[in-house]
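J.: Curious how this folds, go ahead:
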Amino acid sequence: MPSVVNPAAAGRTGLLDVTAAFRQQWVGFDDAPAQFFLAADAEVKFFKNFHGVGALAVQDKVGPVTALCLAADYSFHIYLDRGLLGLGARFGAYNVKFSASDLHTSPTDLPSGFHQESDETLAGADDSQTAFDAGLGAFYQSEASFLSLSLLHLTTPELEMKSGAAMNVRPVLNIGAGRLFGKDVKVRSVEPRLAFRTDFASWQMEMWLNANFNPRFWLGLGARLQDALLASTGVRLKNGLDISYAYDLSLSKLKRYNSGSHEVVVHYSIDMSRDKPTKRYKSVRIL
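T.: Predicted coordinates:
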């Protein structure tokens with residue numbers, strides 16, 4: 001989902017793309033992290049130039065904390081001899097809701113109890129705060145490759161709760177790249193991918209290898225360093241509908257306490273453009 005992590009990827013296919021995704025992390029943990037994504041983007045033409053526009057909603061829920069990001073994306077498209085370059089920006093709102101009612105006290109006779117009856121947080125009401133959010137990005141794709149660079153939460157949103165607790169959202173740098181290789185009767189193409197992200201306090205890296213079997217079916221294997229092995233599969237149905245599923249097998253010490261993570265993505269695309277360049281740069285996997 002390039003447009004989720006990079007506003008410059010908006011409108012990159014020349015189609016109207018709508019994507020919905022749900023991720024349940026670390027199944028087996030109580031109140032484990034869960035994410036929901038909904039994004040739509042398209043390419044439009046005005047003042048004789050092509051532009052990408054999009055809208056995005058991302059919700060993260062971890063225990064009593066729910067974070068919701070609502071944003072609009074803009075990308076200026078530059079058609080080069082060998083590909084498409086997008087330069088984009090994201091503007092929106094970042095909301096954090098703290099549900100004090102979701103917290104529970106531990107027995108006071110246990111030395112490991114995190115909350116006591118006198119904890120001021122437990123006595124407080126549910127709280128919600130919103131701050132302005134922005135990001136920048138650049139995205140390049142040719143017929144067989146792509147390169148993505150973005151810096152999200154550039155404004156470092158600061159949210160101060162009524163209880164006095166402060167929550168700072170750190171900027172996140174995302175770097176991604178991929179390339180298609182070869183065509184064959186059984187395996188139409190293979191595509192290695194690399195994704196790196198950091199909030200400048202910690203970092204994460206993923207490596208993938210996707211194989212496209214005929215025009216409608218693909219499989220993927222990968223690894224998230226120091227965290228999990230990854231596997232995914234997907235099918236391209238008729239009328240522009242794609243459905244895919246991914247599974248993470250934990251490799252860290254957390255593997256003792258969870259049965260892995262699950263993610264489902266539904267993607268729909270439709271050609272809404274009437275006036276497009278004669279040469280497009282897209283592939284079955286770079287959508």
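J.: Tell me where the stretch 1-150 of the chain has strands.
T.: According to DSSP state E, counting those that start in this stretch, the stretch 1-150 of the chain carries its strands in the segments 16-24, 34-46, 49-62, 65-79, 84-98, 127-141, 145-152.
J.: Poorly predicted segments of the stretch 151-287 of the chain, please.
T.: Residue ranges of the stretch 151-287 of the chain with pLDDT under 70: 163-164, 183-187, 273-287.
J.: List the beta-bridge partners for Gln24.
T.: Ala34, His262 (DSSP bridges).
J.: ok, so what distance separates it from Gln35?
T.: Using CB to CB, to the nearest Å, one obtains 8 Å as the distance from Gln24 to Gln35. Where you see a C-beta, it was placed from the backbone N, CA and C, and this is true even at glycine.
J.: do Phe146 as well
T.: Shown here: Phe146 relative to Gln35, a distance of 23 Å by CB to CB.
J.: The two: which is more packed in?
T.: For Phe146 versus Gln35, the count of surrounding residues by other CB atoms under 10 Å is larger for Phe146: 25 against 16.
J.: beta partners for the more buried one?
T.: With DSSP bridges as the rule, Phe146 is bridged to Gln141, Gly178.
J.: repeat for Phe29
T.: Beta-bridge partners of Phe29, as defined by DSSP bridges: Val27.
J.: Test my guess that it contacts Ser259.
T.: No. Phe29 is not in contact with Ser259 according to CB atoms under 8 Å; the separation is 9.7 Å.
J.: Wait, Thr233 touches Leu221, no?
T.: No. Using CB under 8 Å, Thr233 is not in contact with Leu221; the gap is 10.1 Å.
J.: what's the offset of stretch 55-68 from the middle of its chain?
T.: Relative to its chain's centre, stretch 55-68 lies at 12 Å (CA atoms, centre = their mean, to the nearest Å).
J.: now swap in stretch 154-161 and tell me
T.: So, by CA atoms, centre = their mean, the centroid of stretch 154-161 is 20 Å from its chain's centroid.
J.: Tell me the buried residues in it?
T.: Pro157, Leu159, Met161 (16 or more other CB atoms under 10 Å).
J.: what's near enough to touch the closest residue in space to the first one that isn't next to it in sequence?
T.: When the adjacent residues along the chain are set aside, Pro157 lies closest to Ala131, with 3.7 Å between them (CB to CB, 6 or more residues apart in numbering). By CB atoms under 8 Å, 6 or more residues apart in numbering, the residues touching Ala131 are Ala93, Tyr94, Asn95, Thr155, Pro157, Glu158, Leu159, Val169.
J.: repeat that with 6 Å
T.: Tyr94, Pro157, Leu159 (CB atoms under 6 Å, 6 or more residues apart in numbering).
J.: from the residues you listed, which is closest to Lys45?
T.: Nearest to Lys45, judged by CB to CB, of the contacts of Ala131 is Tyr94 at 31.1 Å.
J.: Tell me what that closest one is bridged to.
T.: The partner residues for Tyr94, given DSSP bridges, come to Cys69, Ala131.
J.: That one: how many residues sit nearby?
T.: Neighbour tally, Tyr94, other CB under 10 Å: 23.
J.: Wasn't Leu159 part of a strand?
T.: Yes. The assignment for Leu159 (DSSP: H, G, I helix; E, B strand; the rest coil) places it in a strand.
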